[in-house]
Each structure stands twice: as structure tokens, then as C-alpha cells.
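Enquirer: A predicted structure for the sequence below; I have some questions about it.
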Amino acid sequence: MKKLSRAIYQMLLTLWSVLKSLTITFLYFWRKKVTVQYPEERLEHPPRFRTLVDVDVSKCIACGICQRVCPSDVIKIEVWKVKEGDKETSKPRSFILDLGRCMGCGLCAEHCPTAAIRMTQEYELADYSREALIRRRS
Amino acid sequence: MYGLGPLLESLFKKIGVPTFWAEPLRAIIVSVVILAFIMVVVMVLLWLLRRFIAYMQSRLGPNRVGPEGILQPVADATKLLIKEDITPAAADKVMFSVAPVLIFLPAFLVYLVIPFGKGMVAKDFHMGIVFVLAVGGVTSIAIILAGWASNNKYSILGGMRSAAQLIAYEVPMVISLLGVVMLAGTFKMGGIVEAQSGGFWGILPRWFIFYQPIGFLVFFICVLAELGHLPFDLPEGESELVAGYNVEYSGMRFALFYLSEFSNAFAFSAIIVTLFLGGWKPPLAFIPDWYILSPIWFLSKVGVMVLLLMWLRASIVRTRIDQLLALGWKVLLPVALFNFLLTGGLMLV
């Protein structure tokens, strides 16, 4: 008799737990969905979100620090000596960024003395060839 | 008497089709209609299942192909048709190709005896329920065949589990049905629906679920096992058996397994509705059971049943094989026998 009552108790317990799980899924059915339909809607970035580098050439003094500090060899600068009055300064003739190699570490932006290099929030750079990812700024 | 069969018969008489050709012609037309119906049902169920379960898991589900993703099953079917059909080198080639057909056959045959409305049944056998049970058992044989012929350890395990499962749930299933058969006094599906007419106090319909709550519960659990549905989907347990008996199948053969699974889900929901929920009778006793409305009542009840199955699928975790066998032999069988005795005793009194 004790065994029988235990078995009946267990059966009722099973039914109860099934009902409980059914309620949980029922409540989830009406909740807001977590899916973000990507190309149409996007998540908001955190303010310090950083991805790829970009450069403002007018600020650049072609010191070459970024080129030296970059761990994955993204940056290539051709230097152009310019005479302004009696002072000789250097300007970049062309500033080549191979974004296919950039991993967004931000070392270049950290070391830039004139804050010409900055990290952007652009992250969509899918393309058909690696050459298309090379950006030329001058 | 309405229905497709008698209608065709009278039509043939009018046109003057010779009696020798009338019967096979009728069989062909009826099976084509059933097949078309199965295709439509499976398409709808596939979409419904994916969206419904996605919503219960805080996702959106497929919503890209067509409005609200309604054409997703079409895209899936096209993909499966285009895919390469691989037969493993070590497989038993004949059995490997027979199994998908054999698994679809019972899923198709069950539709013969389902009364979709007042007199809308392809063939109302005198032994309708027995036919359903017999044909439903063939599914497991096809699963064992598929598992064995694939010559893959996971698929063999899946097939063996299916066999163990079949023996465990089929016995309480049959016994739980006996209560309904005793109350109705017939094995005929149409007769069982007729026996559920009338109502209590003119409001509540006189359905067998109110007479047989225990029988309904046992039968429902057994149907879950028969369908290989979630708490008991051991033959295809993804986490332990990869995909169970259909690991080695691809392309159209895999599609047949899928098709039969969904068509079975609909068919067995329809059988639950017929046996316990009053078939095509209206849900309230005072509504007159018009001929035109009867398939609508039936299909809406089946829809609710199918949604209940999907709801369970989204909620419950899989049992272990020993838990299922213990449930079948130690719980369902005694409960079903108790229900059988109780029904008999109450009928005698």
C-alpha cells in the first residue's frame, strides 16, 4: 500500500512538472523576441566600440610611428618633404591602409601624436577580393 | 450517405464505367486525393512547427521565404530534391531503398479510416481502430529496417530502441482503447463518433474524454511514443545517436522519413480527436451538426491537438530509454488495465 501511494505520488509529480514546463513555454511565447533581423535592423554599438582604422590625412605629419607600431603591417606611408617658408616639414604623399589585415587593435590610434588616425565603427567590409579592401588616402 | 467514395460510385454509374474498372479507378482517385491532402498538411505543419517552436524559444523562426515564411517548406523540399542521393557502400542496398517507402506506407494508409466529416471517410472499415493499430505498428518495422540496412552503429541503435519502444507502448495503447470501444460498442470509426452525440444538460458535449479521462491520458502518452515525439523521441535522439535510424539517408529518401513523421503527427491527432473529442461533432452540444460545418469542426479540433503536440515538443526534455520502458510496463499498463476494469464494472452497474 505504501509503495502504491508512492507510485501515485510520483505520477502526479510528473504530471505537475510537465504542466509547469508547459506554462513556462507558454509565457515565453508572448515575450519580446531576441532575434535582430540584421540587414534591416542593427544593434546599437557601445560608445567605445572600435573596429577598423581610418586616417585624416590633413592632420598627418608622416612621422611613421603608426607604420612601425602596427603588428599586422596594415599601414604604409609614402613621405613627401614639403618646404613651408624656411621650415621643412614632411607630409604623406599617400597613406595606404590594407584593411584586409587590420585586426582593430587600436595601437596606431593610441600612438598617433596628432590624432590623425582614429578607430571607426565601420564593420561591414565583405568583398570579393583582398585588393578591394586596400584603402588609399591622400 | 455522403462522402467521396459513394459520390464517385454514383458518378461512375452515370457515366457508365464498367464495374470491372470502377473499383480500381475509385481506389486510384481516392489515394491521389489523400496524397494531395497529406502534402498540403505536411507543408502547413512544417511551417507551423518551426514558427511555433521558435516563438516559444524567443526566436522568430523562418520568415524570409514568402510572406511570414509560408513558402519555407517549398524551399526545403526543393533543396532535398536537388541533393545527392547517397547509398553507403556497406549498406544492404535493397532494404535501404525499401525502408523509406515502407515508412511512408502506414502514414498514408491511416488516412483511409479517418472520418473528416459527416460520412467523409474513404473507407469506414468495421475494424477501423484495429486497422489503425495494425498499420501504425508497421512504422516501427520500417524504422528497424532503415536502421539495420544503413549498416551504421547509431542507426542500428536507433532501430533497436524503436523496437523496444514499440513493445512497451503498444500494449497499454490497445488496452486504453478498449474502454472507448466498450462504450461505443463498435470498432468502426464512424460508429464511435456517432456514439459521442448528445450532451450533458444541453451544453457539454458527450465526448468520451469525459467518460474516459484515464484512458485518454494513457492513449495520449502512447501516441507520443508512437509518433517518436519529443519526450519519447529515442529512436532519433540527436544528442546521443546523431539522428538515429535516418543518419545515412539523404535527399529524397530522407524527405520521405520527414514526410511520414509529419503526416503521422496529423493522422494520430485526428485519431485522438475521433476517439475522445467527438470527431466532427460541434464543440457545444446545442449547436446543430450540419453537414457543411462538420469538416471545419474536425479540422479545428485536430489543429488544437497538433498545436498541443508542438507545445509539448517545445517544453519537455527527452526521457532515457529505461525510463520509457519502465513507464510503459510499470505505469501505463497497470493504469490502462485498471481503467479497463473500471469501465467494465461501471457499465455492469
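Expert: The structure has been received and is ready for your questions.
Enquirer: residues contacting residue B:101?
Expert: Contact analysis of residue B:101 by CB atoms under 8 Å, 6 or more residues apart in numbering or on different chains lists residue B:256. Any C-beta I mention is one placed from the backbone N, CA and C, and that applies to glycine too.
Enquirer: secondary structure element for it?
Expert: According to DSSP states H and E, residue B:101 maps onto helix B:93-109.
Enquirer: For the helix or strand that that helix is followed by, list the C-alpha coordinates in PDB.
Expert: Heading C-terminal from helix B:93-109, the first helix or strand you meet, by DSSP H and E, is helix B:128-150. Backbone C-alpha positions of helix B:128-150 (Å, rounded to 0.1, in the frame of the first residue of the first chain) are rendered in PDB as follows:
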ATOM      1  CA  GLY B 128     -11.300   0.700 -38.100                       C
ATOM      2  CA  ILE B 129      -9.400   1.000 -34.800                       C
ATOM      3  CA  VAL B 130      -7.700  -2.400 -35.200                       C
ATOM      4  CA  PHE B 131      -6.700  -1.300 -38.700                       C
ATOM      5  CA  VAL B 132      -5.100   1.900 -37.300                       C
ATOM      6  CA  LEU B 133      -3.200   0.000 -34.700                       C
ATOM      7  CA  ALA B 134      -2.000  -2.700 -37.100                       C
ATOM      8  CA  VAL B 135      -0.900  -0.200 -39.700                       C
ATOM      9  CA  GLY B 136       0.700   2.000 -37.100                       C
ATOM     10  CA  GLY B 137       2.900  -0.900 -35.900                       C
ATOM     11  CA  VAL B 138       4.400  -1.200 -39.400                       C
ATOM     12  CA  THR B 139       6.200   2.100 -38.900                       C
ATOM     13  CA  SER B 140       8.500   0.600 -36.300                       C
ATOM     14  CA  ILE B 141       9.300  -2.300 -38.700                       C
ATOM     15  CA  ALA B 142      10.300   0.300 -41.300                       C
ATOM     16  CA  ILE B 143      12.500   2.100 -38.700                       C
ATOM     17  CA  ILE B 144      14.200  -1.100 -37.700                       C
ATOM     18  CA  LEU B 145      14.800  -1.900 -41.400                       C
ATOM     19  CA  ALA B 146      16.200   1.500 -42.100                       C
ATOM     20  CA  GLY B 147      18.500   1.300 -39.100                       C
ATOM     21  CA  TRP B 148      19.700  -2.200 -39.900                       C
ATOM     22  CA  ALA B 149      20.100  -1.600 -43.600                       C
ATOM     23  CA  SER B 150      22.200   1.500 -43.100                       C
END
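Enquirer: which helices and strands sit right next to the helix or strand that helix B:128-150 is followed by?
Expert: Using DSSP H and E, the helix or strand that follows helix B:128-150 towards the C-terminus is helix B:153-184. On a contact count with 3 or more CB pairs under 8 Å, 6 or more residues apart in numbering or on different chains; DSSP states H and E, helix B:153-184 meets helix B:128-150, helix B:189-195, helix B:208-211, helix B:213-227, helix B:238-241, helix B:251-276, helix B:321-326, helix B:333-348.
Enquirer: worst average pLDDT in the ones you listed?
Expert: When the helices and strands packed on helix B:153-184 are compared by mean pLDDT, helix B:238-241 comes last with a mean of 73.
Enquirer: And the nearest residue to residue A:89 once chain neighbours are set aside, how far from residue A:62?
Expert: Ranked by CB to CB, 6 or more residues apart in numbering or on different chains and with sequence neighbours excluded, the top spatial neighbour of residue A:89 is residue A:82, at 5.5 Å. Applying CB to CB, to the nearest Å, the value for residue A:82 to residue A:62 is 10 Å.
Enquirer: what sits against residue 62?
Expert: Went with chain A since none was named. Counting by CB under 8 Å, 6+ apart, residue A:62 touches A:77, A:79, A:80, A:90, A:91, A:92.
Enquirer: my bad, chain B
Expert: Residue B:62 neighbours (CB under 8 Å, 6+ apart): B:47, B:50, B:51, B:54, B:69, B:72.
Enquirer: Next one: the last one relative to residue B:254, how far apart?
Expert: When distances are taken as CB to CB, residue B:72 and residue B:254 turn out to be 17 Å apart.
Enquirer: repeat for the third one
Expert: Using CB to CB, one gets 22 Å for the distance from residue B:51 to residue B:254.
Enquirer: so which helix or strand takes in residue B:58?
Expert: Using DSSP H and E, no helix or strand contains residue B:58.
Enquirer: how is chain A carved up into domains?
Expert: Recorded structural domains for chain A (assignment: automatic domain parsing) are A:1-31, A:53-137.
Enquirer: What residues of the first one count as buried?
Expert: Using 16 or more other CB atoms under 10 Å in any protein chain shown as the burial criterion, the residues of domain A:1-31 that qualify are A:21, A:22, A:25, A:29.
Enquirer: who's in contact with the closest residue to residue B:285 other than its chain neighbours?
Expert: For residue B:285, ignoring the flanking residues on the chain, the nearest one in space by CB to CB, 6+ apart is residue B:199 at 2.4 Å. By CB under 8 Å, 6+ apart, the residues touching residue B:199 are B:205, B:206, B:284, B:285, B:286.
Enquirer: Alongside chain B, which residues does chain A contribute?
Expert: When proximity is defined as CB under 8 Å from any CB of the partner chain, chain A approaches chain B at A:7, A:11, A:18, A:21-22, A:24-26, A:28-29, A:31-35, A:37.
Enquirer: Just those: which are in strands?
Expert: Among the residues of chain A next to chain B, no residue falls in strands (DSSP state E).
Enquirer: Check those residues and tell me the two furthest apart.
Expert: Comparing all pairs in these by CB to CB, the longest separation belongs to A:7 and A:37, at 50.1 Å.
Enquirer: Format the CA atom coordinates belonging to stretch A:120-138 as PDB.
Expert: Provided in PDB are the C-alpha atoms of stretch A:120-138 (Å, rounded to 0.1, in the frame of the first residue of the first chain):
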ATOM      1  CA  THR A 120      35.900  53.900 -36.800                       C
ATOM      2  CA  GLN A 121      32.700  51.900 -36.000                       C
ATOM      3  CA  GLU A 122      32.500  50.500 -39.500                       C
ATOM      4  CA  TYR A 123      32.500  46.800 -39.500                       C
ATOM      5  CA  GLU A 124      31.000  45.700 -42.900                       C
ATOM      6  CA  LEU A 125      33.800  45.100 -45.300                       C
ATOM      7  CA  ALA A 126      32.900  41.900 -47.100                       C
ATOM      8  CA  ASP A 127      34.100  41.900 -50.700                       C
ATOM      9  CA  TYR A 128      35.100  39.600 -53.500                       C
ATOM     10  CA  SER A 129      38.800  40.200 -53.400                       C
ATOM     11  CA  ARG A 130      41.500  41.200 -50.900                       C
ATOM     12  CA  GLU A 131      42.600  44.000 -53.200                       C
ATOM     13  CA  ALA A 132      39.200  45.700 -52.800                       C
ATOM     14  CA  LEU A 133      40.000  46.100 -49.100                       C
ATOM     15  CA  ILE A 134      43.000  48.300 -49.600                       C
ATOM     16  CA  ARG A 135      42.100  51.900 -49.000                       C
ATOM     17  CA  ARG A 136      44.200  54.700 -50.300                       C
ATOM     18  CA  ARG A 137      44.000  58.100 -48.600                       C
ATOM     19  CA  SER A 138      45.800  61.200 -49.900                       C
END
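Enquirer: separation between residue A:107 and chain B?
Expert: Taking CB to the nearest CB, to the nearest Å as the measure, residue A:107 falls 39 Å from chain B.
Enquirer: What are the buried residues along the stretch of helix or strand residue B:25 belongs to?
Expert: Per DSSP H and E: residue B:25 is located in helix B:19-56. The neighbour-count check on helix B:19-56 (16+ other CB under 10 Å) flags B:22, B:26, B:30, B:34, B:38, B:41-56 as buried.
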